[in-house]
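Peer 1: Next comes the sequence, and after it the predicted model I'd like to discuss.
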Amino acid sequence: MSNMIAQSKNALLVVCFAGALIAAKVDLNNPTGKTGVMMVDKLGAHVRFFDPATWKETANIEMGVNPHDFVVTADHKFAYIPIYGDGVYGKNPHPGHEVAIVDLAAKKLVGSIDVSPNVAPHGIQIDAAGMIYVTCDISRKVLVIDPKARKIVDTIDNEGTGHWIGILPDGSKLYVTNKKDKPYVSVIDLKSHKIVARVSTPGGTEGVAVSPDGKRVVVMDSTDPVMIVIDPATDTVIDRVTLKDNTGSAYKVKYSLDGSKIFTMTLRGAFVNEVNASDLHGEQKVLTVGKDPMGFAFSPDGKTLLVANHGDGSVSVVDLKQWKVVNTFHAGTGIETLTYY
C-alpha cells in the first residue's frame, strides 16, 4: 500500500511539474484560448464577443467612450479595459478615469476601477502576480493597480505622455512609448518604480511588443515605417528594420505565440508584414488586409491570425501557413484590439 501511495504522489508531482512548465510558457500579455474572441470596439464604444467557428457576434457590452486596450487575467475570468475618453491622443477634451472590469464567462460589465485624479488611461499590461499597469497619457503617469482590491497601489512618474506599454516576462521592467511627446522610450524598474533608462528614439514611438523569452523589446517608429529593436539587457537600440512596401508611420507590433515571427502594420494603410524574428533583415512577407489595421490576435494553435481593421469595421482572418486572407467579416464600428480567450 505504501508503495502505491508513493507512486501516486510521484505521479501527482509529475503532473504538477508539467502543469507548471506549461504555465511558465504562457504569455499573459499575448493571451489566447478556445472559448471565444473578445474585441474592443473603440469607435463603437462596445466590447464585442464572437464565435471563432462561425464569426457571428454572440454578445456585446456598451462601454464608456473610446475603450482602447485590455488585459485578461491568467484564469481567463476577467478582462480589464481602460476607458480613454471621447477624443484622441493630444485632443481628448473629456478624458476618462476608469478601468472597466468585464466578466468573460457572463459577458457582462461587473464593475470598474476609478483611477482619479489620473485621467486618460490607455495602454495596459499584467504581471505574473496579477498586478495591472496602466498608462495615463494626460497625467504622464503609469499606475500600479491591484485588481482584487480595485485600487491604485502606486503612481509612477513617466515624464512623457505614455501611450503603449510592454512588460518583460520576469516582471522586472516596463517599457513605455511616448509617441512624439518625448524622443525616448521610458524604461521603468518595477521594484523601485522609477525610470532607470531612456532609450533614444528621435522619431517618437507607437506600439511595443516584448519577445516571449524577454530578450528583445520591439517598438514602432511614429515617423517612419520602421521597427526599432531594443536589447533589454543594455536598454539600447541594436537594430532598425524598415517595413517592406509600407509608407508613413509605423503603428502596432506583436510577436507570434512561439516568438518566431513578428507582425506589424503602419498607422494608415492596408498592409500587414511578417518578419522572421531570427533574421530581421531577411525577406518580409506582406499581405493586404482591410483599411487601417490596428490589432492582432492568435488562435491557440498559432495557425490563424486575426487582424482588426479599424478603418472599415472589419476583421481579416489570416491563414498563416498559406499567408492568405481566408475570411473577412464585419465587426462593430472600429476595433482596435482583440483576443482569443
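Peer 2: Looks like it came in fine. Numbers count the residues shown, from 1 in each chain.
Peer 1: Can you get me a residue count around Asp170?
Peer 2: Counted by other Cβ atoms under 10 Å, the residues lying close to Asp170 total 11. Backbone N, C-alpha and C define where each C-beta goes, glycine included.
Peer 1: so what's it scoring on pLDDT?
Peer 2: What the model reports for Asp170 is a pLDDT of 97.
Peer 1: Equivalent analysis for Leu12, please.
Peer 2: 41.
Peer 1: Ok, Leu21 next?
Peer 2: For Leu21, the pLDDT comes out at 36.
Peer 1: And Asn3, by the same measure?
Peer 2: At Asn3, the pLDDT value in this model is 44.
Peer 1: Repeat that for Asp213.
Peer 2: As predicted, Asp213 sits at a pLDDT of 97.
Peer 1: Might you report the residue contacts of it?
Peer 2: Neighbour list for Asp213: 169, 259 [criterion: Cβ atoms under 8 Å, 6 or more residues apart in numbering].
Peer 1: What of Phe50?
Peer 2: By Cβ under 8 Å, 6+ apart, the residues touching Phe50 are 36-37, 39, 56-58, 331.
Peer 1: Quick one: buried ones out of those?
Peer 2: Neighbour-count burial (16 or more other Cβ atoms under 10 Å) applied to the contacts of Phe50 gives 36-37, 39, 57, 331.
Peer 1: could you dump these to a markdown table with pLDDT?
Peer 2: Converted to a markdown table, the buried ones among the contacts of Phe50 look like this (pLDDT from 0 to 100):
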| residue | pLDDT |
| --- | --- |
| Gly36 | 98 |
| Val37 | 98 |
| Met39 | 98 |
| Glu57 | 98 |
| Ala331 | 97 |
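Peer 1: so which of these would you say is closest to Gln125?
Peer 2: Proximity of those to Gln125 (Cβ to Cβ) peaks at Met39, which lies at 19.0 Å.
Peer 1: quick one: the closest one and Leu338, what's the gap?
Peer 2: 4 Å (Cβ to Cβ, to the nearest Å).
Peer 1: and what of Phe298?
Peer 2: In terms of Cβ to Cβ, Phe298 sits 10 Å off from Leu338.
Peer 1: repeat for Asp224
Peer 2: Counting by Cβ to Cβ, the gap from Asp224 to Leu338 is 26 Å.
Peer 1: Pick out whichever of the two has more residues nearby.
Peer 2: Between Asp224 and Leu338, Leu338 has the larger neighbour count (other Cβ under 10 Å), namely 25 against 17.
Peer 1: after the lowest-mean-pLDDT helix or strand in the chain comes which helix or strand?
Peer 2: Lowest on mean pLDDT, DSSP states H and E among the helices and strands of the chain sits helix 2-24, with a mean of 40. With elements assigned by DSSP states H and E, the helix or strand that comes after helix 2-24 is strand 37-41.
Peer 1: Direction included, what does that following strand pair up with?
Peer 2: strand 46-50 (antiparallel), strand 335-340 (antiparallel) (DSSP bridges).
Peer 1: Mind checking those for the one nearest to Asp181?
Peer 2: strand 335-340 (20.0 Å).
Peer 1: how deep is Asn29 tucked in, by neighbour count?
Peer 2: Asn29: 18 neighbours (other Cβ under 10 Å).
Peer 1: who's in contact with it?
Peer 2: Per Cβ under 8 Å, 6+ apart, neighbours of Asn29: 71, 125-126, 166-167, 210.
Peer 1: quick one, phi psi at it?
Peer 2: The phi and psi values for Asn29, taken as degrees, to the nearest 10, are phi -100, psi 10.
Peer 1: quick one: it from Ile124, how far?
Peer 2: Distance of Asn29 to Ile124, computed by Cβ to Cβ: 9 Å.
Peer 1: joint contacts of these two?
Peer 2: Val71.
Peer 1: I'd assumed Ile145 was in a strand, is it?
Peer 2: Yes. Looking at Ile145 with DSSP: H, G, I helix; E, B strand; the rest coil, it is inside a strand.
Peer 1: OK, contacts around the spatially closest residue to it that is not a sequence neighbour?
Peer 2: Nearest non-adjacent residue to Ile145, counting by Cβ to Cβ, 6 or more residues apart in numbering: Ile132, 4.3 Å away. Counting by Cβ under 8 Å, 6+ apart, Ile132 makes contact with 71, 80, 99, 124-126, 144-147.
Peer 1: Repeat that for Arg216.
Peer 2: Applying Cβ under 8 Å, 6+ apart, one finds that Arg216 lies in contact with 210, 229-232, 277.
Peer 1: Phi, psi for it please.
Peer 2: Torsion angles at Arg216 (phi, psi; degrees, to the nearest 10) stand at phi -140, psi 140.
Peer 1: sorry, back to before: between the strands paired with strand 37-41, which one is nearest to Asn178?
Peer 2: That would be strand 335-340 among the strands paired with strand 37-41, by Cβ to Cβ, at 19.0 Å.
Peer 1: on that earlier part again, what's the spacing between the residue nearest to Ile145 and Ala106?
Peer 2: 20 Å.
Peer 1: now Ile262
Peer 2: 35 Å.
Peer 1: Please list only the buried members of the contacts of Ile132.
Peer 2: Taking 16+ other Cβ under 10 Å as the criterion, what is buried in these is 71, 80, 99, 124-126, 144-145, 147.
Peer 1: Great, nothing more from me.
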